[in-house]
Each structure stands twice: as C-alpha cells, then as structure tokens.
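Participant: A predicted structure for the sequence below; I have some questions about it.
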Amino acid sequence: MGKHNIIQPVKGTRDFYPEQMAIRTWLYNAVRKVSESFGYQEYEGPYLEYIDLYAAKSGEELVKEQSFVFPDRGGKLIALRPELTPTLARMVAQRQGQLTFPIRWWSYGPFWRYERPQKGRTREFFQWNLDLIGLASPITDAEIVSVITSFFRLIGLSSQEIIINVNNRRLMDVQLGKIGIKKNKKEVFRLIDRKEKLKQDAWLEYGIELGLTTDQINSLTNLLENKELWHQSEELEQFFDLIDVMGISDYVHYDPKIIRGLDYYTGTVYEAKSKDPSIKRAILGGGRYDNLLADVGGNPLPGAGFAMGDVVITLLLNQLQKLTKDLRVNPAPVFVTVFDDKHMAQSFRIADDLRKSGLNVNIYPQAIKLGKQIKYANRIGAKIVLIIGPDEIKDNTVTIKILNTGEQQTIGYKSVINYLIKMLEPDKSS
RNA sequence: GCGGCUGUAGCUCAAUGGCAGAGCGUCGCACUGUGGAUGCGAAUGUUGCGGGUUCGAUCCCCGUCAGCCGCCCCA
C-alpha cells in the first residue's frame, strides 16, 4: 500500500496536478494571446530529431553534454530536442521557395536538457519561441522586444519587477577591435558574459589566461561600464529610438555586459531578468541572427527571436504572488445533488438538460447524505448546487443554492436553465 | 559531470542511541432535506532506499536515490 513502492518520476521532470496544470494552461493562453496580437502564426516541430541537426549549430556542450540521446533500431542517434532553432531553420529551409517573407512564427512546447536540476531549472521544460525571419533591421528587433513587454504587461509584471537588458554583438566586436582584441573573440565574449558572476580577481585572472594584456583588461573593464556605448552603434540608436516611440523604454535598458551564450547571435541581443535578486536566472533571452539557414543548407536568411522557459517565469510569478487570480481548477460551476436512489433519475435528467444548454455540470454519483454532497461541492469549487428532492419533483421545481452567499431559492423546472445561464454569464467572459 | 546541505504522517515541521510526536489537512459524529464555523472522536509512518557499527539505529558510519545551493551551461 505505502508509497515506498511507487516508482519515482524521472529526475528533473514535473507532475502537473490540476492546480499546476491550470497555471500551465494559463501561461500558454497568455503566450498565444500576445503572439497572435502581433500576427505571429503558431507552428510546431517534432520532439525527436537526428543529433546531426544540432551537431553543426548549437554549442558543442548543448549537444554533447546536455541532450538526451539514444540510438534508434538502425543505430542512428536521436535526440530529444534541446532547443527549437535548428528545427525552425530546417523547416524554413525546406520551404524557403514558397514562404512569404518576412515570416512571423511562434511555438510553445516541451524540451529536454540533461542538466543538474535545481531551482528554476528542470530536465523537462516548456519553452516559448518566437521568431521574425527574413529581415535584418532594428525595426524587427524592436518589434520582438515589444512582444516581450506586451507579454510582461499582460501577465502583470511591471518595469518595477522586470528589466530587459540589451546589447549588440557587432558593436562589441568593433569595440574589442579598437582595444586591440582581434583573436579569441568567442572566448572574450564568454569573459564578458561572466563579468557579473566572477569575483573581480578571478575575472582578471581569467582575462590574463585568455592572453589579454593588463591594458586590454582595463580598457575592457571601462567598456563594460560605459552605459553610453550604444551611441556608437547606428543599429542600437535606431533600436532605442523605436523603443522610445513604442513607449516601452521603462522596461528596456542598455547594458554592455549582455552578450548571450549561443554562438549564432550576430547583432542585437537581450535578456530579461527579475529585479528581485533572489532569482538570478534569465527569464528569457534572444537576439538577432543573420545566418540562420547556413548550417542546414539553405540560403542565408536574417532573423531575430527569443526563447522563454516556463520554469523561471512561473517561479517569479509565484514569488510575487501573481498567480492567485481566478485560475479555474474546477471547470463545472454547477453541481447537481442526488436525493436518493428513487429520485436519482430526475437529477440526471436536469444535469443532462443543462449540459445540452452549454453549461458544465457535475453530479454526485451516489445517493448519500445531502450535507456531504454539498460539502463535497464546496470543496471542489462549485458555485451553485441544485437540489432535487421529493418536494421539488412533486411541484416540478428545482432548488438552487448559491454557495458563497448561502442564499437559496426554489424555482420552476422550466426556468432553471435560463436562470442559471443568466446567473453565470459574467463569469463566462473571463 | 564536480563540490556542499537536506530527506520523519497527505502538507509544514518537532524529537530521542531505548514504545515515533504536534499543527494543518483527511475521515466520522453532534447535524438521516443543506456546505463553510465550533466541539468531540478516529485513521495514517518499513523515519527516502540498501548495507554497516551496536544488546538495540529514525539518530552514528558507508553507499545509493531524490530535492535544494553553488560550478558548468542555459530557457
């Protein structure tokens, strides 16, 4: 009997009980609403891909260390998808000739990464991907960031709670050149990425290991503290102008330390973080890539997009107590009781009539004490309880009890449906 | 994959090298045509799992699994 013989869930996975599933669905609906409000189309790729798809493009680590990989019966290596961008590249490349560019696509689905699970990080997670492909322009970057801020607003996260930090890789490339850093740029980007994480002396040491001179490290440090550096990038000047025009500059800030880990970013990059220092992980990250299809054999196409995992955002919303809004766990507001075996048929009849009229209706599947049935209805979150006993059946009426006020009245059977529909109407819109 | 902390009832957590505890929740009754409140009562544990030390281990030791924190990486 005990729980000791229950087989454990796979490490790093989550069970979605109805309460959590309601949150997951709510998040998905918010994502869909915002994506579609900007005209993005939903798409989806397979959850399984040959590992070769990732081998060329994503970072080495992502494929070798962080993917769930297994051989199929023919010995070919299959990966549970660790990210969507390579799939997107393939899907676009396959139809490159027939798509109307620019395309705006979004997707929300499961991904798997073989990582050490901890707070804000699981091995199985959901990710929102949104991309605009076919144009290389700061306008598209600004649009993507605008989608992001719309999303934050929709789910109730203000610029008090969230910040989107922006930088540009081309700008950093030029600036690094100016201070004589020409080689090892990928490594230096990594060094920049870790400025905030490492302690100062550890960071300096890392820089020296990369072969930088003390002068260069000093120059780099100055660079990374220069909040006005973006004025030297025409792209970013345009970008921030647009952000201003769109009225979202309260969320968006320039930060020369933002560089992003993925290799395929080429231009403007950004990440959103919580201002609450207890959540250090990025909520979402994205940027411009100008060479999306190169590795899957298509003609090069520029694009921009971002990805947001469900774990950190849910964690944040939980912490800020923004999830308490009416997340509907019980879909049926109406609860029909069963008086006794003799009068059960009438209860089933009315439940059926109500369902035919479009109402969601629960019925107690057993003729036990009325008190228990009402108690149960209350527990599972019903709003209205119907009582059909001998008196009601004799008079051809139904007793309606509203649970949160306790008031109750008996009305004619024929008017019950309209009465309930009217009563629940304001609820339906939400 | 590496380093650290933790694991006791459904949940939150006490406790002791010698009979396993509380609060909350659950269930029952007061209340056989009416829930939430109150009162009374009840059930539930191989103390994560496996091994060792010991007369005796939930406690000490080793291993393992899982969670959390950090590294790595990133959503």
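Facilitator: Great, that's in hand.
Participant: What strand or helix carries the residue of chain A positioned farthest from its centre?
Facilitator: Distance to the chain centre peaks in chain A at A:K394, reaching 54.3 Å (criterion: C-alpha atoms, centre = their mean). With elements taken from DSSP states H and E, the one containing A:K394 is helix A:390-395.
Participant: Check the gap between the residue farthest from the centre of chain A and A:W105 for me.
Facilitator: 62 Å (C-beta to C-beta, to the nearest Å). In short, each C-beta sits where N, CA and C put it, glycine included.
Participant: ditto for A:L135
Facilitator: As defined by C-beta to C-beta, A:L135 lies at a distance of 14 Å from A:W105.
Participant: and the nearest residue to A:F240 once chain neighbours are set aside, what does it touch?
Facilitator: Among residues not flanking A:F240 along the chain, A:W230 sits closest, at 6.7 Å (C-beta to C-beta, 6 or more residues apart in numbering). A:W230 is in contact with A:V166, A:N167, A:N168, A:L171, A:L236, A:E237, A:F240, A:Y254, counting by C-beta atoms under 8 Å, 6 or more residues apart in numbering.
Participant: what is the third one paired to in the beta sheet?
Facilitator: Meaning A:N168. Note on A:N168: beta-bridge partners A:T268, judged by DSSP bridges.
Participant: which of the residues in stretch A:382-392 are buried?
Facilitator: For stretch A:382-392, burial by neighbour count (16 or more other C-beta atoms under 10 Å) applies to A:A382, A:K383, A:I384, A:V385, A:L386, A:I387, A:I388, A:G389, A:E392.
Participant: and those as CSV, adding distance to RNA strand B?
Facilitator: Formatted as CSV, these follow (distance: C-beta to the nearest atom of the strand, whole Å):
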residue, distance to RNA strand B
A:A382, 9
A:K383, 9
A:I384, 10
A:V385, 7
A:L386, 9
A:I387, 4
A:I388, 7
A:G389, 3
A:E392, 6
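Participant: from the residues you listed, which is closest to A:K422?
Facilitator: Among the buried residues of stretch A:382-392, A:I384 lies closest to A:K422 (C-beta to C-beta), at 11.9 Å.
Participant: Could you check how far that closest one is from A:L403?
Facilitator: 7 Å.
Participant: circling back: counting by contacts, list what the helix holding A:K394 packs against.
Facilitator: Counting contacts by 3 or more C-beta pairs under 8 Å, 6 or more residues apart in numbering; DSSP states H and E, helix A:390-395 packs against strand A:397-402.
Participant: all helices for the stretch 301-430 of chain A, in order.
Facilitator: A:310-319, A:344-356, A:370-379, A:390-395, A:413-428 (DSSP state H, counting those that start in this stretch).
Participant: And A:R260, which helix or strand is it part of?
Facilitator: Under the assignment given by DSSP H and E, A:R260 is not contained in any helix or strand.
Participant: So what's the residue count around it?
Facilitator: A:R260 has 18 neighbours, counted by other C-beta atoms under 10 Å.
Participant: Let me see the contact set for it.
Facilitator: Shown in contact with A:R260 (C-beta under 8 Å, 6+ apart): A:D193, A:V269, A:E271, A:G285, A:G287.
Participant: 7 Å instead?
Facilitator: Counting by C-beta atoms under 7 Å, 6 or more residues apart in numbering, A:R260 touches A:V269, A:E271, A:G285, A:G287.
Participant: about what we covered before: could I get the helices of the stretch 301-430 of chain A as JSON lines with mean pLDDT?
Facilitator: Formatted as JSON lines, these follow (pLDDT from 0 to 100):
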{"stretch": "helix A:310-319", "mean pLDDT": "89"}
{"stretch": "helix A:344-356", "mean pLDDT": "94"}
{"stretch": "helix A:370-379", "mean pLDDT": "92"}
{"stretch": "helix A:390-395", "mean pLDDT": "93"}
{"stretch": "helix A:413-428", "mean pLDDT": "83"}
